[in-house]
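1. got a sequence here, can you build the structure:
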Amino acid sequence: MDLIDQAAASDLRPLLHRPSRRILPVLVLPLVLVVSCAAGAWFWANLEEFVETRGTREVASTSSLSPEDRTSLSEIKWAQQKAGDEIAELNRRIDAQRDVLNGILDQITVLTSRIDSLQSSTPIPSAASEPPLSPAQAVSTVARKRLGRSKPHGPVSVGGAPVIAGPKTAEP
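-> Numbers count the residues shown, from 1 in each chain. Take a look at the predicted model:
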């Protein structure tokens, strides 16, 4: 039996001395949870130190001021409040005007598309669409261009009175 015990003991020795990889996460996970809970509890207890509200800072800073400074500070705060309200009102007006302008732009777009559709549906009159001249009119137009206007020879009456022709002078 000694031989069997020695063989069994030699097989167990490497198994017992080798670190198990399964045990490591099991031990580390609870340790991380305990540390994070402790840090959260400490942070919750000292939360007031980390979060300083605006009101407490203002109260602390105004208590050391003189009455004139407090009055000036309250006037400045009131002016800031008023300016903020005016800016908000201006932003509302700008948004309303932007909406109106978008509506006008939509109307212009609709009117432009209507104009384009009307222009594409009606043919544009061109020189080819004029009715051709009859042959008699064509000849008379050509004759007028060749002859031009006839110039009168002699005196011409403008006012309607008869013109008496004077003696003719010799032409050189």
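2. any low-confidence regions in the chain?
-> Scanning the chain for pLDDT under 70 picks out 1-22, 52-62, 123-157, 160-161, 165-172.
3. now the helices for it?
-> Assigned by DSSP state H, the helices in the chain fall at 2-17, 23-45, 47-50, 54-62, 67-121, 135-147.
4. pull the number of nearby residues for residue 99.
-> 10 (other C-beta atoms under 10 Å). C-beta coordinates here come from the backbone N, C-alpha and C atoms, glycine included.
5. now do the one 3 residues further on
-> For residue 102, the tally of surrounding residues (other C-beta under 10 Å) stands at 10.
6. mind checking how far it is from residue 109?
-> 10 Å (C-beta to C-beta, to the nearest Å).
7. what do you get for residue 47?
-> Applying C-beta to C-beta, the value for residue 47 to residue 109 is 58 Å.
8. same check on residue 100?
-> Residue 100 sits 15 Å away from residue 109, going by C-beta to C-beta.
9. residue 119 now?
-> Taking C-beta to C-beta, one finds residue 119 at 16 Å from residue 109.
10. test my guess that residue 65 contacts residue 73.
-> Yes. Under the criterion of C-beta atoms under 8 Å, residue 65 makes contact with residue 73 at 6.9 Å.
11. and for these two, which residues touch both?
-> By C-beta atoms under 8 Å, 6 or more residues apart in numbering, residue 65 and residue 73 have no common neighbours.
12. pretty sure residue 50 sits against residue 42.
-> No. At 11.1 Å, residue 50 does not count as touching residue 42 under the criterion of C-beta under 8 Å.
13. pick out whichever of those two has more residues nearby.
-> Applying other C-beta under 10 Å to residue 50 and residue 42 shows that residue 42 carries more neighbours, namely 10 against 7.
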